[in-house]
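**Student:** Predicted model and sequence follow; I will ask about them next.
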Amino acid sequence: MAAKRKKKLGLKQRYSMLTRGLDWETSYQKMDDVFPYDNYEGIYIHDWEGWEDPFRLTMDAYWKFQSEKEKKLYAVIDSFAQNNGHLGITDARYVNAIKLFLTGVSPLEYQAARGFTHVGRQFRGVGPRVACQMQALDELRHVQTQVHSMSHYNKYFDGLHSAPHMHDNVWYLSVPKSFFDDARTAGPFEFLTSISFAFEYVLTNLLFVPFMSGAAFNGDMATVTFGFSAQSDEARHMTLGLEVIKFMLEQDERNVPIVQRWMDKWFWRGTRMLSLVAMMMDYMLPKRVMSWREAWDIYFTEAGGALFKDLERYGIKPPKYADIATKEAEHISHQAWHIFYNYTHAAAFHTWVPDKEELDWLSEKYPDTFDKYYRPRLEYLDKEEKAGRRFYNDTLPMLCQVCQIPMGFTDMDDPTTISFKVSEYKDDKYHTCSNGCKDIFDHEPMKYVQAWLPVHQIYQGNCGGSEMEDVLKWYKMNLGADNLDYNGSPDQKLWDEWQAHRTKV
Amino acid sequence: MSRIVSITLQTNDDSRPIIEAITKDNPDAVAKYYPGMVKIDCEGRLVVKQETVEEILGREWDVQELQLSIVSIAGNVDEEDEYFELSWNL
Amino acid sequence: MAVISIGEYEFEPLDKEENFHGNRLTYINWENHLLFCSPVCLPLPADMPFAALVGEVLGGVYAKHPDFEKIKWDEVTWRLDGKDFSPDMEKSLGENGLTHKSLLRFWTQGLHGIAGSNS
């Protein structure tokens, strides 16, 4: 190998040339007026220069690597579309996970772009400002590439036609939407704790890593490629999440209890939102990589354990209710799937009862709980469906005031009893699904009394009409195609025709 | 309690020499293969060395080319021209 | 605790009773019957007799369950907003103490759901 040309500056120096010395102390305006948002949350910062840039990607390197990633990704997307890649997936039921992804997750990438653009303006320290602006670019790239990749499925399958409208209006999509609305309406430090730390660092692996591996296992080349392409940016975002926490904790010990409370809150909100991913993994992948329980053990118990051990020296404890969340990993996917099974007539994707082999897999993965609590119910539902009496719940559900999920989660020490919590605020009752959600409400009731709860909005007459059909049309759902059981759906009919054709030739 | 640091890479042609280099430079590292990806765990600390990857690859390799195949990490990051390191404070 | 904010932070709750066109939101849960995944939410007039809730409304919600027709209503135990409760069937929901966003839970003795799984 030829002798290497040594670069004039080391990486640390190159990066500091990018992020430092470009701004100035204002003279005729007060700094507090120019940056009004970065100190009202009660976080004390004495030295913005104390910000360490952990991932040192300079602008030239950023464009170079991002464009290379895009070229690779678009070659795959193009080839997937050109070669009818959708024919190679394991089963059309799988596409329902993609529908949930496009309507529930991809719009969050856009919300993240908005959030990071906003806070990328609001920090008076240039280090975090540059990091946030670069992350905003990444997030915009994610929503674009995801829409491009999944648009191929929209040519053949139902439920993928109106993702932004659905995200803003449909009942179950208020779960992810309200999560991000809550984060974006907080101050910049809480936003970074919620999205960069609790979500990106602690929890996002559970969404993007095993699920994307599952996409690979199920022949979905387009999704695994955009997933891993996004995830390569995620590694940088994770380091931003960890850095912002360490920065706040190192600057002033008065920051510690505030940061702890934010971690508790956003860990809980994140685990609630991830119940959607739990059911995607346990129920919606025809070929499974690992169970939700196993993913939780690897990515929360093991990886999160090491992380919180590292933060112990600042006086930080693992998130409150982490023990409850770990117990929930045994139940949450089954309970979430059951909620959607109950209300699939009002959803833009299909549900079904897993076949016998899949039930056996669940029994094996959840030996202490599945046969006892969940299997008899699923077998009964299967019998009913086969007898032409597919069970749907005809009454709208009670929702949690904070996470907005139907109150289908049980007490984890008593999995046959729904968990009910209630708070009184200004002569009204506010119901929550767990102590985690109740604590969040009780700390800032004035924020959560404004929650746009889909069920209550329907009853107030704000969602297209009083009949279920009016509401679903207002959601822009194509009735009889987007909704109802997978069995008997146009998706199934089309898929079965393709399969029949394949065995003929 | 174990203090595992971890790096997850795609399993493709770009990442194979990196995986090989990591395994060589971190004898305690354990690689777990899943569809489309590999998760490499190591107690306490794990390093990706430019020199080793270049030896295997037979060409110059910029450590930041990791950007193209990285999927996830766990640990504090230290990155320089010559290496990419993950560690927990012990 | 008050919201920490950059300015005054005072908003109207979205779900005040007057927004529901003369009805009150009522949450109902049939315990140990998780075939219905969660409690339900219904807008009901305060002057509806409790007997109508039992005789008309609950059937519309739960009659699909094979246990429903086996319910002995005089043996049902009730809890209203976390307290033991004996409804007067002749009186209205309001007179029985139900208010906006009350939670009414009921237990049906001897019935344990699909294959005894509390579903």
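**Tutor:** Ah, there it is.

**Student:** Correct me if wrong, but residue C:25 is in a strand.
**Tutor:** Yes: under DSSP: H, G, I helix; E, B strand; the rest coil, residue C:25 falls within a strand.

**Student:** I'd like to know the beta-bridge partner residues of it.
**Tutor:** Residue C:25 has these beta-bridge partners by DSSP bridges: residue C:43.

**Student:** Tell me how many other residues surround it.
**Tutor:** 24 (other C-beta atoms under 10 Å in any protein chain shown). No exception for glycine: its C-beta is placed from N, CA and C like everyone else's.

**Student:** for residue B:67, same thing?
**Tutor:** 21.

**Student:** what's the closest non-adjacent residue to it?
**Tutor:** residue A:65 (4.3 Å; C-beta to C-beta, 6 or more residues apart in numbering or on different chains).

**Student:** Determine the set of other helices and strands touching whichever strand or helix holds the one you found.
**Tutor:** For residue A:65, the host element (DSSP states H and E) is helix A:59-82. Judged by 3 or more C-beta pairs under 8 Å, 6 or more residues apart in numbering or on different chains; DSSP states H and E, helix A:59-82 is in contact with helix A:126-154, helix A:221-251.

**Student:** Double-check that residue A:302 belongs to a helix.
**Tutor:** Yes: assessed by three-state DSSP, residue A:302 belongs to a helix.

**Student:** okay but it is in contact with residue B:2, surely?
**Tutor:** Yes: here residue A:302 lies in contact with residue B:2, judged by C-beta atoms under 8 Å, at a distance of 7.2 Å.

**Student:** higher neighbour count, these two?
**Tutor:** Neighbours per residue (other C-beta under 10 Å) separate residue A:302 from residue B:2, with residue A:302 holding more: 18 against 10.

**Student:** distance between the helix or strand harbouring residue A:440 and the chain's centre?
**Tutor:** Here residue A:440, judged by DSSP H and E, is contained in helix A:435-443. Centre-to-centre, helix A:435-443 and its host chain are 20 Å apart (C-alpha atoms, centre = their mean, to the nearest Å).

**Student:** Any buried residues in that helix, and which?
**Tutor:** A:436, A:437, A:438, A:439, A:440, A:441, A:442 (16 or more other C-beta atoms under 10 Å in any protein chain shown).

**Student:** tell me the mean pLDDT over that helix?
**Tutor:** Averaging pLDDT along helix A:435-443 yields 98.

**Student:** hmm, who's touching it?
**Tutor:** A:261, A:264-265, A:268-269, A:271-272, A:320-321, A:324, A:400-403, A:421-423, A:430, A:432, A:448, C:1 (C-beta atoms under 8 Å, 6 or more residues apart in numbering or on different chains).

**Student:** Can I get the buried part of those as one ChimeraX selection?
**Tutor:** Per 16+ other C-beta under 10 Å, the buried members of these correspond to this ChimeraX selection:
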select /A:261,264,265,268,269,271,272,320,321,324,400,401,402,403,421,422,423,430,432,448
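
**Student:** Mark which of the contacts of helix A:435-443 are part of helices, please.
**Tutor:** A:261, A:264, A:265, A:268, A:269, A:271, A:272, A:324, A:448 (DSSP state H).

**Student:** wait, the last one sits on residue A:402?
**Tutor:** Yes: using C-beta under 8 Å, residue A:448 makes contact with residue A:402 at a distance of 5.8 Å.

**Student:** Only alpha carbons, please: show stretch A:472-487 as PDB.
**Tutor:** This file holds the C-alpha atoms of stretch A:472-487, laid out as PDB (Å, rounded to 0.1, in the frame of the first residue of the first chain):
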ATOM      1  CA  LEU A 472     -64.500   6.200   8.700                       C
ATOM      2  CA  LYS A 473     -65.200   8.100   5.600                       C
ATOM      3  CA  TRP A 474     -64.000  11.200   7.300                       C
ATOM      4  CA  TYR A 475     -60.800   9.200   8.000                       C
ATOM      5  CA  LYS A 476     -60.600   8.600   4.200                       C
ATOM      6  CA  MET A 477     -60.900   4.900   4.700                       C
ATOM      7  CA  ASN A 478     -62.200   2.800   1.800                       C
ATOM      8  CA  LEU A 479     -64.700   0.700   3.600                       C
ATOM      9  CA  GLY A 480     -64.600  -3.100   2.900                       C
ATOM     10  CA  ALA A 481     -61.100  -2.800   1.500                       C
ATOM     11  CA  ASP A 482     -58.800  -1.000   4.000                       C
ATOM     12  CA  ASN A 483     -60.600  -2.300   7.100                       C
ATOM     13  CA  LEU A 484     -61.900  -5.600   8.500                       C
ATOM     14  CA  ASP A 485     -60.300  -9.000   8.900                       C
ATOM     15  CA  TYR A 486     -57.600 -10.200   6.500                       C
ATOM     16  CA  ASN A 487     -59.700 -13.200   5.600                       C
END
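
**Student:** how about that stretch against chain C, any contact?
**Tutor:** No: using C-beta under 8 Å from any C-beta of the partner chain, stretch A:472-487 stays clear of chain C, with a minimum separation of 15.4 Å.

**Student:** residues making contact with that stretch?
**Tutor:** Applying C-beta under 8 Å, 6+ apart, the contact partners of stretch A:472-487 are A:92-93, A:96, A:158-159, A:161-162, A:165-166, A:169-170, A:344-352, A:385, A:390, A:463-465, A:469, A:489-490, A:492.

**Student:** Next step: the residues you listed restricted to helices.
**Tutor:** Reading helices off these with DSSP H, I get A:96, A:165, A:166, A:169, A:385, A:469, A:490, A:492.

**Student:** Can you tell me which of those is closest to chain C?
**Tutor:** residue A:385 (12.9 Å; C-beta to the nearest C-beta).

**Student:** Strands of chain C, residue ranges please.
**Tutor:** C:23-30, C:40-45, C:77-80, C:83-85, C:102-107 (DSSP state E).

**Student:** Sheet partners, orientation included, of the third one?
**Tutor:** The strands beside strand C:77-80 in its sheet (DSSP bridges) come out as strand C:83-85 (antiparallel), strand C:102-107 (antiparallel).

**Student:** rounded to a whole number, what's the mean pLDDT of the first one?
**Tutor:** In other words, strand C:83-85. Within the predicted structure, the mean pLDDT of strand C:83-85 is 97.

**Student:** Could I get the buried residue list for it?
**Tutor:** Here strand C:83-85 shows residue C:85 as buried, counting by 16+ other C-beta under 10 Å.

**Student:** swap in the longest one?
**Tutor:** Neighbour-count burial for strand C:102-107, counted by 16+ other C-beta under 10 Å, picks out C:102, C:103, C:104, C:105, C:106.

**Student:** Was I right to think the last one contacts residue C:76?
**Tutor:** Looking back up the chat, that one is residue C:106. Yes: between residue C:106 and residue C:76 there is a contact under C-beta under 8 Å: 5.3 Å.

**Student:** Most proximal residue of chain C with respect to chain B?
**Tutor:** residue C:4 (30.1 Å).

**Student:** Spit out the contact partners of residue A:470.
**Tutor:** A:463, A:464.

**Student:** measure it to chain C for me?
**Tutor:** 16 Å (C-beta to the nearest C-beta, to the nearest Å).

**Student:** wait, what's in contact with the residue nearest to the spatial centre of chain C?
**Tutor:** Nearest to the mean C-alpha position of chain C, by C-alpha atoms, centre = their mean, lies residue C:28 at 2.2 Å. By C-beta under 8 Å, 6+ apart, the residues touching residue C:28 are C:39, C:40, C:42, C:58, C:61, C:103, C:104, C:105, C:106.

**Student:** give me the number of residues near residue 20?
**Tutor:** In the absence of a named chain, this looks at chain A. 15.

**Student:** hm, I was asking about chain C
**Tutor:** Considering only other C-beta under 10 Å, residue C:20 is surrounded by 18 other residues.

**Student:** Hmm, it is touching residue A:461, no?
**Tutor:** No: Residue C:20 lies out of contact with residue A:461 (C-beta under 8 Å); the separation is 9.0 Å.

**Student:** hang on, the earlier thing: closest one of the buried residues of strand C:102-107 to residue A:189?
**Tutor:** residue C:103 (36.4 Å; C-beta to C-beta).
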